Each structure stands twice: as C-alpha cells, then as structure tokens.
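# sharing a sequence plus its predicted fold:
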Amino acid sequence: MVYLLAVEGRFYSQEEIHDDLLGLKGIPRGAYSREITEALEQKGYRLKGAEVYKEEGPRALTDEEARSLGETFRRALDKGHPVFIGWYPWIDRQNGKRGHFSVLGGYDREDFFIYDPRYGEAVLVISQKTLADHLLLPTLDRTAWGIFYFYVEQAP
C-alpha cells in the first residue's frame, strides 16, 4: 500500500484520505479541492498554493518557469509535504477547484514520482521536462489555460 500523507503520527493511503480524513466514505467520486484543503487546515496544516490562468492557447512552461516550479516542488517534498496538482481545473463556486488531482510524492535527480487515483497504487515516474510540458492545460470549460497546485507549507 502506498501512503501519501502523515497526520498526527498516522500514515494515510489514498483511500484512507478519501474515506476517513475527508469524510467521503461511500461517495463514488474524488474530492474537491475545498474538501482537501479544509480537512488539512482543520488538522492544523498551513497550505500554500498557486494558480495561473491565461487566455492564450496551448504552450509549455518556459525553461525558467519549469526550473522555478521544479524548485518549489522539491522544497515542499524535501520537507515531507506532498504537492497536489490540479489537472484541467475550473472554478466551481460551491466546491472550489474541480478537475483531476494527482499528488507528487517524491523525486530523484531528473524525475518526479506521481500518485494518481486513475492508476491505483502504481507510482508513475515522470521527468521534470515532461511534467513541465503538461502542466499548463485547458480548464474544463475551455475558457483559459492554466495551472493549479497546492502543498503543505507548514505542518501542525
């Protein structure tokens, strides 16, 4: 079993985060960003996030943007804090950000390790270059292109 998060000395798997930490047991959908962030904040975590939306069409991150973002992700991971990445995000006024979330759980020299609910307990390995090429995606309503992510800035 892959454990993604430690809260109060207990390690949680993806399923346990969904069912226990977020209180979504029996609900056959993923969690909205509001549900994830509120649950973590109630446990005393301080979160940091960023989002950028642009009207322009498809493009990859520039080398400088990719380098800077890679450093941001590595700093969070070095502190033991997973990075939640929102793919194809859009704003739902009641539920916060929607779309599909993956979690960066680690890295080595050139690659990041991603946990994605679509792949069960498999750990995906993706190079920083490939990740950077795919982070700017269209919003679900196709009105803009953007990136949305958050991570724990400080543990309780």
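Yes, it's here. Numbers count the residues shown, from 1 in each chain.

# tell me which stretches of this structure form helices.
14-16, 33-42, 63-78, 128-134 (DSSP state H).

# which helices and strands does the longest one pack with?
To tie it back to what came earlier, the one meant is helix 63-78. strand 83-92, strand 96-107, helix 128-134, strand 145-154 (3 or more Cβ pairs under 8 Å, 6 or more residues apart in numbering; DSSP states H and E). Any C-beta I mention is one placed from the backbone N, CA and C, and that applies to glycine too.

# need the residues that contact the shortest one.
Counting by Cβ atoms under 8 Å, 6 or more residues apart in numbering, helix 128-134 makes contact with 60-61, 65-66, 69-70, 110-112, all of which sit outside it.

# next: stretch 74-81.
6, 82-83, 104-107, 151-153, 155.

# quick one: average confidence on it?
For stretch 74-81, the mean pLDDT works out to 88.

# mind listing what's buried along it?
The neighbour-count check on stretch 74-81 (16 or more other Cβ atoms under 10 Å) flags 74, 76-77, 81 as buried.

# from Glu51, how far off is the residue nearest to the spatial centre of the chain?
Compute the mean C-alpha point of the chain, and by Cα atoms, centre = their mean the closest residue is Phe84, 1.4 Å away. Using Cβ to Cβ, to the nearest Å, we find Phe84 at a distance of 12 Å from Glu51.
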